[in-house]
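Peer 1: Quick one, fold the following:
(one chain, ligands or ions: 1)
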Amino acid sequence: MRPVTPSRKPFRLVFIAGLVLLVGWLAFRSARAEGAKPADASPMSGSSPAPAAAWQMKMHEISRFLGELAPFLYDETKFKDPANKTKIESLTEKLAGLAHDIDQKKMRGKGLAAPDLDPALQVISAEFDETVTRAHQGFKEGHFDYARSLLKTSVSHCISCHTRAATPGAKPVAGFNSGLAGAGAAERVRFYAATRQFDLVAQEFETTFSSKPDSRVVDLESAARVALSVAIRVRKDIGEAARIATRVSTHPAAPDSLKEEAKVWLKELALWKAETPTAPASSSATLAAARELVIRGQLMQQSPSDARGDVAYLKASSLLHDMLKKKVTKEEAADAYYYIGVCYEALRDLGFWSLHESYYEACIRTKPASPRAEGCYSRLADSVRLGYTGTRGTDIPSSVQRKLSALEKMAKAPAAKPRPRP
Ligand code: HEC
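Peer 2: As a prediction, this is how the structure comes out:
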């Protein structure tokens, strides 16, 4: 068991609803994979220009409101105290407004384009908007527990966008951390990653794994995995990742399962370190490398919640996210979506929830009627079925089933249809 985050079930419906809304728009998006227009975004490869000023400004506002919400978010009593209701409601409303502003689905063409071409931004921004909007509605209606867990989930969305790969190192926005008094170590690590205070992620990891052998297991696991993700994907620092893995594998309070996982991370990092660094690879070389990593991850991982494959999956997904910031063909995009999907499926306890399903869907829509689309459909269908399987069997709502059937048809449509393309 890996009780890192609250049960994903309550969020399941939220995300499915989000996915349904995404359907039409993703189809629209898929056209971008091939005819990607770097003109309406600034791909951040190579010299990595800073994100557009408007985007940056929004992000600062978002950080500010999240920081102001933090004292309530991390203290259940304060969150439910009627004396704080007006304040929390107003902050949540502001956050929802900002989430809406960066929603690539709704804001398309209105001047606030995402700062790079990676479709992750499209997918996550829509889920983020949906989640915070529901949190606001839920809070207004007095569903405080529901609203609070949704707001905590929304922190995962910040993390998902910011820890994809190395991105221009904006200087950390200081001053939002005063509300963290009630937060546990895992919550602090996640808050720092969400607000891009990556030095503090490393620091908090150190504290959690230092002299306190009584740290809660859930804090240890979460802190370790988020810190590892930042070291590998954001910092691309193998040395730091190895230090984290060593700390985890030798910490007296870490559960044996986590120690075993960390030992596998160490082996994988040693292999990585021994590689000769190569010049920026072509898309096909990147895909081949990612495929190999994913297969290795799958061989190492012993159960869906097992983190042994983390290093391989984090490295593969970061390679692919970097690749997707540039222009790629539809085939390459569909392949990349498939492998990123597999990575996020394995990494979902890290807070990526149902992100993998969005990628499988994007894969089908980008290259329909192809063996790759069929592979994506098969993984999507398995994942959706699993999500609706409980003690009383599998019960998929009919709207979800209809959508699955449509995607199945799209994935398997006869490839013989003439397409005016070489
Ligand atoms: C849809 C994706 C997405 C979501 C959701 C998102 N961000 Fe960002 N944010 C970005 C991108 C893209 C950048 C530019 C740097 C990068 O690529 O990571 C950025 C940059 C930032 C920055 C640095 C700004 C600067 O000075 O350059 C902060 C701070 C920030 N985000 C805070 C947040 C917080 C807090 C949340 C959640 C409450 C959040 N963001 C949610 C995509 C997102």
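Peer 1: What parts of the chain come near the ligand?
Peer 2: The chain has residues 51, 56, 59-60, 62-63, 66, 102, 115, 121, 124-125, 128, 154, 157-158, 161-162, 167-168, 170, 173, 194-196 near the ligand, with proximity defined as CB under 6 Å from any ligand atom. In short, each C-beta sits where N, CA and C put it, glycine included.
Peer 1: Go again with 5 Å.
Peer 2: Within the chain, the positions lying close to the ligand (CB under 5 Å from any ligand atom) are 51, 56, 59, 62-63, 66, 115, 121, 124-125, 128, 157-158, 161-162, 167, 170, 173, 194-196.
Peer 1: Buried ones among those?
Peer 2: Neighbour-count burial (16 or more other CB atoms under 10 Å) is assigned, among the residues of the chain next to the ligand, to 51, 59, 62-63, 66, 115, 121, 124-125, 128, 157-158, 161-162, 167, 173, 194-196.
Peer 1: from those residues, which ones fall inside helices?
Peer 2: Among those, DSSP state H puts 59, 62-63, 66, 121, 124-125, 128, 157-158, 161-162, 194 in helices.
Peer 1: These into TSV, with extra columns for distance to residue 258 and pLDDT?
Peer 2: Written out in TSV, the entries for these read as follows (distance: CB to CB, whole Å; pLDDT from 0 to 100):
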residue	distance to residue 258	pLDDT
59	33	91
62	32	94
63	31	92
66	28	95
121	31	86
124	27	88
125	32	91
128	29	93
157	25	91
158	25	92
161	27	89
162	24	88
194	23	91
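Peer 1: Could you work out the most separated pair of those residues?
Peer 2: Across these, the longest distance by CB to CB is 18.2 Å; it joins 66 and 121.
Peer 1: Residue 387 and residue 348 touch, don't they?
Peer 2: No: counting by CB atoms under 8 Å, residue 387 does not reach residue 348; the two are 10.7 Å apart.
Peer 1: Give me the nearest residue to the most centrally placed residue in the chain, chain neighbours excluded.
Peer 2: Compute the mean C-alpha point of the chain, and by CA atoms, centre = their mean the closest residue is residue 160, 3.1 Å away. With CB to CB, 6 or more residues apart in numbering as the measure, residue 124 is the residue that lies nearest to residue 160, at 5.0 Å, once sequence neighbours are left out.
Peer 1: Quick check: next helix or strand after the helix or strand hosting residue 259?
Peer 2: Residue 259 is located in helix 256-274, with elements delineated by DSSP states H and E. Past helix 256-274, heading to the C-terminal end, the next element that is a helix or strand (DSSP H and E) is helix 283-300.
Peer 1: Identify the residues contacting residue 396.
Peer 2: Shown here is residue 396, whose contacts under the criterion CB atoms under 8 Å, 6 or more residues apart in numbering are 384, 385, 388, 404.
Peer 1: if I pick the third one, what's in contact with it?
Peer 2: Just to be clear, that refers to residue 388. The neighbours of residue 388, taking CB under 8 Å, 6+ apart as the test, are 12, 394, 395, 396, 397, 400.
Peer 1: and the fifth one, how many neighbours does it have?
Peer 2: Here the number of neighbours of residue 397 (other CB atoms under 10 Å) works out to 11.
Peer 1: Could I get the pLDDT score of it?
Peer 2: Looking at residue 397, its pLDDT reads 92.
Peer 1: mind checking the backbone torsions on it?
Peer 2: Torsion angles at residue 397 (phi, psi; degrees, to the nearest 10) stand at phi -60, psi 150.
Peer 1: where does the closest residue to residue 176 other than its chain neighbours land on pLDDT?
Peer 2: Nearest non-adjacent residue to residue 176, counting by CB to CB, 6+ apart: residue 67, 2.7 Å away. pLDDT, the model's per-residue confidence, is 94 for residue 67.
Peer 1: I'd guessed residue 67 sits against residue 194; true?
Peer 2: No: under the contact definition of CB under 8 Å, residue 67 does not touch residue 194, with a separation of 10.1 Å.
Peer 1: what is in contact with the two at once?
Peer 2: Applying CB under 8 Å, 6+ apart, one finds that no residue jointly contacts residue 67 and residue 194.
Peer 1: Where does residue 369 sit: helix, strand or coil?
Peer 2: Under the three-state scheme (DSSP: H, G, I helix; E, B strand; the rest coil), residue 369 adopts coil.
Peer 1: you'd agree it is up against residue 408?
Peer 2: No: the pair residue 369 / residue 408 is not scored as a contact, 11.6 Å apart, by CB under 8 Å.
Peer 1: what's next to stretch 372-382, contact-wise?
Peer 2: Counting contacts by CB under 8 Å, 6+ apart, the residues outside stretch 372-382 that touch it are 331, 334-335, 337-338, 341-342, 345, 356-357, 359-361, 363-364, 367, 404, 407-408, 410-412.
Peer 1: Pull out the buried residues from it.
Peer 2: Of the residues in stretch 372-382, those buried under the neighbour-count criterion (16+ other CB under 10 Å) are 372, 373, 375, 376, 377, 379, 380, 381.
Peer 1: So which of these is the closest to residue 86?
Peer 2: When these are compared for distance to residue 86 (CB to CB), residue 380 comes out closest, at 42.4 Å.
Peer 1: Please give the element, helix or strand, for that closest one.
Peer 2: If you go by DSSP H and E, residue 380 is part of helix 371-387.
Peer 1: what about that helix, average pLDDT?
Peer 2: Mean per-residue pLDDT for helix 371-387: 96.
Peer 1: Residue 400: how many residues sit nearby?
Peer 2: Counted with other CB under 10 Å, the burial measure for residue 400 works out to 18 neighbours.
Peer 1: my bad, residue 58
Peer 2: When neighbours are defined as other CB under 10 Å, residue 58 has 17 of them.
Peer 1: can you give me the strands in the protein?
Peer 2: In the chain, the segments counted as strands under DSSP state E are 389-390, 393-394.
Peer 1: Buried deepest among those, which one?
Peer 2: Mean neighbour count, computed with mean count of other CB atoms under 10 Å, is highest for strand 389-390 among those, reaching a mean of 10.
Peer 1: May I have the strands that pair with that strand, each with its orientation?
Peer 2: Strand 389-390 pairs in its sheet with strand 393-394 (antiparallel), by DSSP bridges.
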